[in-house]
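> fold the stuff below for me.
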Amino acid sequence: MASATIAKGVPPRAGSGVQSLPCAFLFDDPEKPGQWKPIVPDTTISTTLVKHAPSNSAAYLGFRLSFLRHKDDKAFCLYGAHYDAGDASHLGITCKLPADGYDLGCLPLDKEKELIDIAPDGATFYLVTVKLHKDRDMIVSGFGLPFSGNDIFVDACVNRDEPIQSIIKLTDLLQKQEFTLLAIATTGYLDNFFDMSKMNQEPFHYGYGNHHDWNLRRYKRQVPRSRGDLFQPKIAYEDLNQRDTAITQMHVQDVVDYDAALKEIANLPEWPHLRAARRALRGDRQQVTLYISLPSDGSEEDDTVAWEAVHIAGYSELIEGLNLKHQIPVELIQPVDEDDSDISLSEHTCHEEAEKDSKRLQMSMVCYSGIMGEKKRIDAVTRLGDSEVWPIVVSDDPLAGFKKSLFNTLLMGQGLWDTFKAFQPRLPKFGLPMFDLFKDDRSDFRHYFRNLHLGLGFISSPPGTGKSHMAALITIMLCSGASIRRVYVSAPSNVATDNILKRIDSISTSIVSKLILAGTPARHLVLVRGYNIFTEMDACAGMLCNESPGRLKSPWQMERSLCWWTLRVLGSRAVPPLTPNDSPEIWNLHQEVTRAKGDYHRFSRHVSLARSPGEGSVDAKSLEPLMNLVVRCANVVATTPAISAGKIYQDFNNNQAKAVVFDEAGAMFRSDGLVVFGNTPRPMVAVGDDRQFAPVLVTALEMLNRKEGQDGMRRKTRGNDDFPTNRFADDAEISWLTWFAHLGWPVLHLSTQHRMAVGQFDLSLETVYPDLKPYFSYDPSCLVRNFPIGLQVEHYLSTKYNLPTSNTKLEPVFFNCDNCPCRNPVDYVPSYLKHERPQHSNRGASCGASRLNPRANDCVAKVLVKMIKELSLSPRDIAVLTPYRINMRSLQKRFHDEPLLRHITCSTIEGFQGGEAEVVVLVLCVDRKTGPGFIAEPRRLNVAVTGQKSSLLIFGDISTIYLLIPIKGMAS
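Take a look at the predicted model:
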């Protein structure tokens, strides 16, 4: 297999902090020969000499010009260039001197009495001269990025290239070959500062070559011989090859060892192969097919039958007490009314006993790696360097080729200096129309969206502040504009994609209905929720044959699906009929198809079945041409990035969608964003929250050589022959949203809470968003009187547990679960599940054993049963969250035993991101012995306590809470 040979690859290059020395540029004064004219550092413009060795980059000596930005924390923010840096108050333009390509001189100014008087004790003024060698240029980073100056003078220097302090233009300064600077330093300091002999100035190469197109054969040679320690993620790359290496290898190394292990699983039943099989089964209750080999009866008929089964990957009483070391448990589903339903299977209490049974049947299970989804990501990254414009829909723009080159350069993270020298560009701008915004957000929205550089806009805001509402409105605005009309919408998960399309549908339906009622001509938008095309065709064919879609693979839903729209076009009675108030394109298609004239005659059979379902059959594949026509009528197509690469949706995106909207972009891989967006800019808005979960790789914490008794997760101490499976795993922390934020794009912040009752967001405000406190407010709709369920719950708990109440707030309540020990499942959980592999990476957070707390779960059930009975609450208004999947399964089993609790949503914290409920119950599971574990990781904690509208109930051991969380009270 790929991981059998361990050979060390290029080691990471350690970095060091930035050393800086204030200085001033000196220029000859043409009016006064022999005298200097300095650019004097002040509060808005500063200059420094810099010396830096970034990790995995060449060390450099140079200087930096810093320009003070207009800072409006309430409206928008600009971030530093490091992936985990906070907001940046200055635009920094760094000029790196070419290694061994310059001469440097340093002369103390002893004779300048007036200068010596202002120097610190022991310090001296030095005249520093720099002269570049012939045909050598500085490497300039940070130039050409979006900038709004603190005042009109600074803004003019950067954006209009007017002379800095009336001395020299910025672009002229950056192209000079000789510089004179004035610096203040103590004796001997400058010699040490300018000494680069101990710093590595050679360009850094990751060691994966220059070819990054998808090639599994190359990967299986390349990855094993390039093992080594983790590479630190970064935003600014030295060249395009570095960037493409990091972004592609992050995904390649997530699958290459897995694919190899899966293919060899029958030959080497070792841990990596079991791990690969578990990954291929994709979690708990995943349906699989088992092929059972029957004893041959001598006939030529196939003696293999197929039974459906589900993978048991969580807590279940079915596997309690079983020794499941190196075993994969499944639950068989015996066929009904089938010839093979009478097959008798032997039962044994352990694997050893089964091996002694000579009559036992052999079973086989086919596992698919599904790694071709990674190919789509790799193709999207390599497409950045293609000569062809993608999407084609923007190719009519005479600047399309230039914009493509500009975009590719920007994503390297060094700015646009080289492009400027060749073309002297200015970033094109794009504005959006505005209507139906939240009142408090209108001015900020106008300020931000009136001038979008390259048409790219970004919103990063806390839960409940209306970012998805704004994304939906922006989508409708774009569809309403004559120049756009068609938009592609995408989100990283099916749940998030469903949510954003439902929001768009709700708002657009409301707007159109009001316009129609007022007598204004308006048409409903065609909003298509796209799923796998084969799923869509099978569902539609089944409906035409009067068959229910049945148990289609999750996450398919009927409403707004491509199947749903196709049935409407065919005139099926199973879906709402189309009317003249619908989009003209879809209405006209409906008229043409039902008339069955000309080219549309080929759909006459489908029309007949739509009107009289069940009177015949239809080939599902025959629906594809019609579905293609339906998609062409869409105003909005919404899919996950993976589905967007399917031909029917890709054609819409490539040929028709003139804008893109991303929701939950803070949880989306950079490569997934590129799959949808392409290599050439078009109007794009991405919304999300960079303080909730980032994207995650399966190999995020995985060590290559997991040994028996170990958990396979990364540790600070490990053997020299063991390496992380994925050297680029931490690059996943940089999402589609945070990538652009740290590239230098301004990010709009929303600071008004619209969803939660007053008091419900305070916990997150204190612990996760303290920087928003000066600007944060609750919308009037959040007054407690507007949350009857929250008031009911508060009154009930206050009466029952004697808790204080407030007339103006609904606050979280903590239930201290006394004497409820947290358990590490041992006897009844498969060995490969004894350690929780979180769905999201946590740099710095430990990832230990999976946890289970039956007593705490029982407390939760008892409290909820009494509360639901007393208040007549709907279980569908309640969501129960817990950090561990095994504890979630335990809760589900406990709730199943209580009729009142069966319809409560029960989820892991990761699985609930983007969800909401009236009442959220958080079951921490941990206790004082285990400590808080990864529940204390800020992103996880943030998701856990921001999904509620009116009530948050937390169950846990109070002694594990050391984060100083403000809670209303404690009920034991």
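> enumerate every residue touching the residue positioned nearest the centre of the chain.
Residue closest to the mean C-alpha point of the chain, counted by C-alpha atoms, centre = their mean, is residue 667 at 1.7 Å. Going by C-beta atoms under 8 Å, 6 or more residues apart in numbering, residue 667 touches 492-493, 496, 688, 692-695, 735, 913. Using the backbone N, CA and C atoms, a C-beta is placed for each residue, glycine as well.
> narrow the residues you listed to those in strands?
Among the contacts of residue 667, the members falling in strands (DSSP state E) are residue 688.
> so which of the contacts of residue 667 wins on neighbours?
Ranked by neighbour count (other C-beta atoms under 10 Å), these have residue 688 at the top, with 30 neighbours.
> in the sheet, who's paired with that one?
Residues in a beta bridge with residue 688, per DSSP bridges, are residue 460.
> quick check: longest strand in the protein by residues?
What stands out as the longest strand in the chain, according to DSSP E, is strand 16-28.
> what's around the closest residue in space to residue 180 that isn't next to it in sequence, how many residues?
Excluding the flanking residues, the one nearest residue 180 by C-beta to C-beta, 6 or more residues apart in numbering is residue 26, at 4.4 Å. Applying other C-beta under 10 Å, we find 19 residues neighbouring residue 26.
> what of residue 206?
A count of nearby residues for residue 206, using other C-beta under 10 Å, gives 19.
> my guess is it contacts residue 231. True?
Yes. Between residue 206 and residue 231 there is a contact under C-beta atoms under 8 Å: 6.9 Å.
> anything in contact with each of those two?
Residues touching both residue 206 and residue 231 (C-beta under 8 Å, 6+ apart) are 56, 246.
> would you mind measuring from the residue nearest to the centre of the chain to residue 208?
Counting by C-beta to C-beta, to the nearest Å, the separation of residue 667 from residue 208 is 27 Å.
> what does residue 199 give?
For residue 199 relative to residue 208 (C-beta to C-beta), the value is 25 Å.
> equivalent analysis for residue 107, please.
Going from residue 107 to residue 208 by C-beta to C-beta gives 46 Å.
> tell me which of those two has more neighbours.
residue 208 (24 against 10).
> what about the more buried one, distance to residue 247?
Separation of residue 208 from residue 247 (C-beta to C-beta): 12 Å.
> nearest to residue 676, of the contacts of residue 667?
residue 492 (10.6 Å; C-beta to C-beta).
> now the closest residue to the closest one other than its chain neighbours: phi and psi?
Leaving aside its sequence neighbours, residue 492 sits nearest to residue 668 (C-beta to C-beta, 6+ apart; 4.2 Å). Residue 668 adopts backbone torsions of phi -110, psi 130, taken as degrees, to the nearest 10.
> use 705 as the first number from now on
Yep, numbering from 705; the last one is residue 1372 now.
> got the contact list for residue 1372?
So residue 1372 contacts 1194-1196, 1345, 1366, 1392, 1399, 1439-1441 (C-beta under 8 Å, 6+ apart).
> export the residues you listed to JSON lines and tack on pLDDT?
Below are those laid out as JSON lines (pLDDT from 0 to 100):
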{"residue": "1194", "pLDDT": "98"}
{"residue": "1195", "pLDDT": "97"}
{"residue": "1196", "pLDDT": "95"}
{"residue": "1345", "pLDDT": "98"}
{"residue": "1366", "pLDDT": "98"}
{"residue": "1392", "pLDDT": "95"}
{"residue": "1399", "pLDDT": "93"}
{"residue": "1439", "pLDDT": "97"}
{"residue": "1440", "pLDDT": "98"}
{"residue": "1441", "pLDDT": "96"}
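> ok, back up a step: any idea how far residue 1225 is from the residue nearest to the centre of the chain?
Distance, residue 1371 to residue 1225, by C-beta to C-beta: 39 Å.
> and for residue 947?
For residue 947, the distance to residue 1225 equals 49 Å [C-beta to C-beta].
> which residues sit against stretch 1575-1587?
For stretch 1575-1587, the external contacting residues (C-beta under 8 Å, 6+ apart) are 1493, 1496-1497, 1500, 1555, 1564, 1568, 1571-1572, 1592, 1595, 1599, 1604-1613, 1616, 1619, 1621-1630, 1637-1639, 1644, 1648, 1651.
> what do you get if the cut-off is 7 Å, keeping everything else the same?
Here stretch 1575-1587 makes contact (C-beta atoms under 7 Å, 6 or more residues apart in numbering) with 1493, 1496-1497, 1500, 1564, 1568, 1571-1572, 1592, 1595, 1604-1605, 1607-1613, 1616, 1619, 1621-1627, 1629, 1638-1639, 1644, 1648, 1651.
> residue 1357 reaches residue 1094, doesn't it?
No. With contact defined as C-beta atoms under 7 Å, residue 1357 does not reach residue 1094; the gap is 9.4 Å.
> neighbour count winner among those two?
It is residue 1357, of residue 1357 and residue 1094, that has more neighbours when counted by other C-beta under 10 Å, with 26 against 20.
> per-residue confidence for that one?
Here the pLDDT value assigned to residue 1357 is 98.
> got it, and the one 4 residues further on?
Residue-level confidence at residue 1361 comes out at 98, pLDDT.
> ok, the residue lying closest to it once chain neighbours are set aside - how many residues close by?
Closest residue in space to residue 1361, ignoring its immediate chain neighbours: residue 1192 at 3.9 Å, by C-beta to C-beta, 6+ apart. Per other C-beta under 10 Å, the neighbour tally for residue 1192 reads 30.
> how about residue 741?
17.
> quick one: the nearest residue to it once chain neighbours are set aside from residue 881, how far?
Nearest residue to residue 741 in three dimensions, chain neighbours excluded: residue 733, at 4.1 Å (C-beta to C-beta, 6+ apart). Between residue 733 and residue 881 the distance is 20 Å, computed by C-beta to C-beta.
> now swap in residue 1066 and tell me
The value you get for residue 1066 to residue 881, if C-beta to C-beta is used, is 77 Å.
> and the residue nearest to residue 1653 when sequence neighbours are not counted, helix, strand or coil?
Closest residue in space to residue 1653, ignoring its immediate chain neighbours: residue 1622 at 5.0 Å, by C-beta to C-beta, 6+ apart. Assigned by DSSP: H, G, I helix; E, B strand; the rest coil, the conformation of residue 1622 is strand.
> what's around residue 1622, how many residues?
20.
> ok, residue 1213 next?
For residue 1213, the neighbour count with other C-beta under 10 Å is 13.
> and residue 862, how far from residue 1641?
From residue 862 across to residue 1641, the span is 39 Å (C-beta to C-beta).
> quick one: which of the contacts of residue 1371 is nearest to residue 1013?
Set against residue 1013, the nearest of the contacts of residue 1371 by C-beta to C-beta is residue 1197 (25.9 Å).
> roughly how far apart are the residue nearest to residue 1117 when sequence neighbours are not counted and residue 842?
Spatially, and ignoring its direct neighbours in sequence, residue 1117 is nearest to residue 940 (3.6 Å; C-beta to C-beta, 6+ apart). As for residue 940, its distance to residue 842 is 16 Å (criterion: C-beta to C-beta).
> neighbour count winner among those two?
Comparing residue 940 with residue 842 by other C-beta under 10 Å, the one with more neighbours is residue 842, at 23 against 20.
> thinking again about what came up before, helix, strand or coil for the residue nearest to residue 1117?
Look at residue 940: counting by three-state DSSP, its state is coil.
> if you count neighbours, what's buried in stretch 1606-1621?
1608-1621 (16 or more other C-beta atoms under 10 Å).
> those into CSV, with extra columns for distance to residue 1361?
Shown next, in CSV, are the buried residues of stretch 1606-1621 (distance: C-beta to C-beta, whole Å):
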residue, distance to residue 1361
1608, 39
1609, 33
1610, 37
1611, 32
1612, 34
1613, 34
1614, 30
1615, 30
1616, 30
1617, 26
1618, 23
1619, 28
1620, 29
1621, 33
